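Undergrad: what follows is a predicted structure for the sequence shown.
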Amino acid sequence: MNPRNLLLVAMCVGMFLVQLDVTVVNVALPRIADDLGTTIEGQQWIVAGYTVVLASLLLAGGTTGDRYGHKRVVLTGLTTFGVASVLCGAAPNVGILVAGRALQGVGAALLLPGTLAVITRAFPGQAEQAHAVGIWAGVSAL
């Protein structure tokens with residue numbers, strides 16, 4: 001596999017992690033609520049802690065990549081997302097879990113727009129760029 005295709009795979013995996021995190025928590029929410037002894041309000045915060053932060057910082061994440069370089073911002077977002085995921089997995093209570101989910105949202109907001117920017121720069125030809133973006137979008141739909 002050539003380096004550009006490996007890059008495409010890496011960007012698709014990063015984007016997939018961002019999308020997957022929304023679904024995974026919704027599926028696991030009843031078990032999380034039982035384990036942490038939280039109410040429906042706590043469950044709402046667990047979900048919203050990620051999605052609201054991601055949605056509110058998404059444009060800023062893209063702008064940050066434009067200013068400081070998308071590769072650097074994607075790597076920062078991936079690192080932030082990973083550290084926050086560990087925090088979420090080890091959270092002893094709902095407050096720590098919500099804080100971890102919010103931090104995941106920050107990482108996701110840095111990561112997501114950068115994945116597309118990196119792909120469009122790595123595949124400069126119109127046809128190959130369309131093909132790469134189509135693969136990225138297809139993975140997103142999964």
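TA: Cool, got the structure.
Undergrad: residue closest to the middle of the protein?
TA: With distances taken as C-alpha atoms, centre = their mean, the residue of the chain nearest its centroid is Val18 (2.6 Å).
Undergrad: per-residue confidence averaged over the helix or strand that contains that residue?
TA: Assigning secondary structure by DSSP states H and E places Val18 in helix 3-36. For helix 3-36, the mean per-residue pLDDT is 92.
Undergrad: same for the next helix or strand after it, what does it pack against?
TA: Sequence-wise, the next helix or strand beyond helix 3-36 is helix 40-68, with elements assigned using DSSP H and E. Under the contact criterion of 3 or more C-beta pairs under 8 Å, 6 or more residues apart in numbering; DSSP states H and E, helix 40-68 touches helix 3-36, helix 70-89, helix 94-122. Every C-beta, even on glycine, is put in place using the N, C-alpha and C of the backbone.
Undergrad: the helix holding Val18 - contacts with which helices or strands?
TA: The criterion is 3+ C-beta pairs under 8 Å, 6+ apart, and the helices and strands that helix 3-36 contacts are helix 40-68, helix 70-89, helix 94-122, helix 126-141.
Undergrad: and of those, who's closest to Cys12?
TA: For Cys12, the closest of the helices and strands packed on helix 3-36 is helix 126-141, at 4.3 Å, according to C-beta to C-beta.
Undergrad: how distant is the closest one from the center of its chain?
TA: With C-alpha atoms, centre = their mean, to the nearest Å as the basis, the distance from the averaged C-alpha position of helix 126-141 to the chain average is 18 Å.
Undergrad: so for it, what gets flagged as buried?
TA: Neighbour-count burial for helix 126-141, with 16 or more other C-beta atoms under 10 Å as criterion, is recorded at 132, 135-136, 139.
Undergrad: correct me, but Val133 touches Arg121?
TA: No. At 11.7 Å, Val133 and Arg121 do not qualify as touching, with contact defined as C-beta atoms under 8 Å.
Undergrad: dump the residue contacts of the nearest residue to Leu8 once chain neighbours are set aside.
TA: In this structure, Leu8 finds its nearest non-sequential neighbour in Ala132, 5.4 Å apart by C-beta to C-beta, 6 or more residues apart in numbering. Contacts were defined as C-beta atoms under 8 Å, 6 or more residues apart in numbering; by that measure Ala132 touches 8, 119-120, 122-123.
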